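Trainee: Generate a structure from the sequence data that follows.
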Amino acid sequence: METSLKSVAEMVAGECVGDENFVVTGINSLDQAGPSEISFFSDLRYRESLNITKAGALLVSEKNALFKGPQVVTPGVELAYAKIASVFSRSSRRYPGISTDAVICKNCCIGEDVSISPMVHVGEGSEIGDGATLFPGVVIDEGVKIGKRTILYPNVTVLRNCVIGNDVMIHAGTTIGSDGFGFVRDGSTSVKIPQVGIVQIDDHVEIGANNCIDRAAFGKTWIKEGVKTDNLVQIAHNVVVGEHSIIVALAGISGSSQIGRGVIIGGQVGVNDHTKIGDGAMVGPQSGVAKSISAGAVVSGTPAVPHRDRLKNTALIARLPRMSDRLKELEKKVQELEDRLSQSAG
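Mentor: The predicted structure is shown next:
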């Protein structure tokens, strides 16, 4: 793909400085960009890379005198980078049409401009929206709905009756709609509770690789609009994840928990069942959330407590060895004083 620097500036509502007809063929980091690529500079820590970059053009927040080539000035450099990168990285790997090596069961509704690769299975009564892309090894069970322009990467499985919205991206190896972990004890044995609900994933969601999102025991497990999950995330039955929340790798959300809008959950976080996390809350990495968290709170640690309290506690823990030594010294002195007083009294 090629485009002019002027077009790049228009994509990000930026201003061209220098040759607006400069031809851009891609976007790359400062140290790897070539003479026909655009790069970006937003952090003074990378000043050295700026001095030696071979990039032909640059995204900056203000005109940079150290760079002699054409520039696009925009206040949000990282956001501009994301927009431009999405244009240059658009996949050209779509299988053309529907492969004869795919299995399309009866009563399916397949939209226009759909890409269905070899070794895909689409179950009976399922719907595939216009412009959807199904890579090799994708399994769509019966009664599933896949929205427009949604992309399912290799070996994604979407089980019975689950609903995937428009413009969703699900990365390789993820399973949507496996049974929730529901059992009841009968003496010394475990009896399975049938999981008869579904998973609903709304528009503009991106699910990382090897996620497991369990179907509800009844009703739905609901991933709302704009949610982003990293790789290796487990979301249990009947969980609700609010709009535009982010869940980082190796986090586990237990059953019937409710995650608010715009929440950020760090890596390796565990959330207890039936827990509520309020809108805009932030949970630090490796935290254990045992009870509900209010909106806007920032928590960390196990059990999760306000982050400032955790920092104070950590500082105190670091001082404990010295405090212990000091306490022993004081105890020794007190004992010596008591011995002297006892001798004086005698």
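
Trainee: Pass me the low-pLDDT residue ranges in the stretch 101-250 of the chain, would you?
Mentor: Nowhere does the stretch 101-250 of the chain drop to pLDDT under 70.

Trainee: Do you have the helices of it handy? List them.
Mentor: For the stretch 101-250 of the chain, helices defined by DSSP state H, counting those that start in this stretch do not occur.

Trainee: Just list what the helix or strand hosting residue 341 packs against, helices and strands only.
Mentor: In the assignment (DSSP states H and E), residue 341 maps to helix 307-345. Counting contacts by 3 or more C-beta pairs under 8 Å, 6 or more residues apart in numbering; DSSP states H and E, helix 307-345 packs against strand 298-300. (Each C-beta comes from the backbone N, C-alpha and C, glycine too.)

Trainee: The strand it packs on: partners in the sheet, and parallel or antiparallel?
Mentor: Using DSSP bridges, strand 298-300 pairs in its sheet with strand 282-283 (parallel), strand 305-306 (antiparallel).

Trainee: could you point out which element follows the first one?
Mentor: Counting by DSSP H and E, the next helix or strand C-terminal to strand 282-283 is strand 288-289.

Trainee: Sheet partners, orientation included, of that next one?
Mentor: Take DSSP bridges as the rule and strand 288-289 pairs in its sheet with strand 270-271 (parallel).

Trainee: Any chance you could list what contacts the strand it pairs with?
Mentor: With contacts defined as C-beta atoms under 8 Å, 6 or more residues apart in numbering, strand 270-271 is touched by 251, 252, 253, 254, 257, 259, 265, 277, 283, 287, 288, 289.

Trainee: middle-most residue in the chain, spatially?
Mentor: residue 229 (2.9 Å; C-alpha atoms, centre = their mean).

Trainee: which residues touch the closest residue to that one other than its chain neighbours?
Mentor: Excluding the flanking residues, the one nearest residue 229 by C-beta to C-beta, 6 or more residues apart in numbering is residue 247, at 4.5 Å. By C-beta under 8 Å, 6+ apart, the contact set of residue 247 is 227, 228, 229, 230, 233, 235, 241, 253, 259, 265.

Trainee: Out of the residues you listed, list just those in strands.
Mentor: 228, 229, 235, 241, 253, 259, 265 (DSSP state E).

Trainee: Show me the two of these that sit farthest apart.
Mentor: Longest distance between any two of these is 14.1 Å, between 228 and 253; criterion C-beta to C-beta.

Trainee: more neighbours, the two?
Mentor: residue 253 (29 against 16; other C-beta atoms under 10 Å).

Trainee: So what sits opposite that one in the bridge?
Mentor: Beta-bridge partners of residue 253, counted by DSSP bridges, are residue 235, residue 271.
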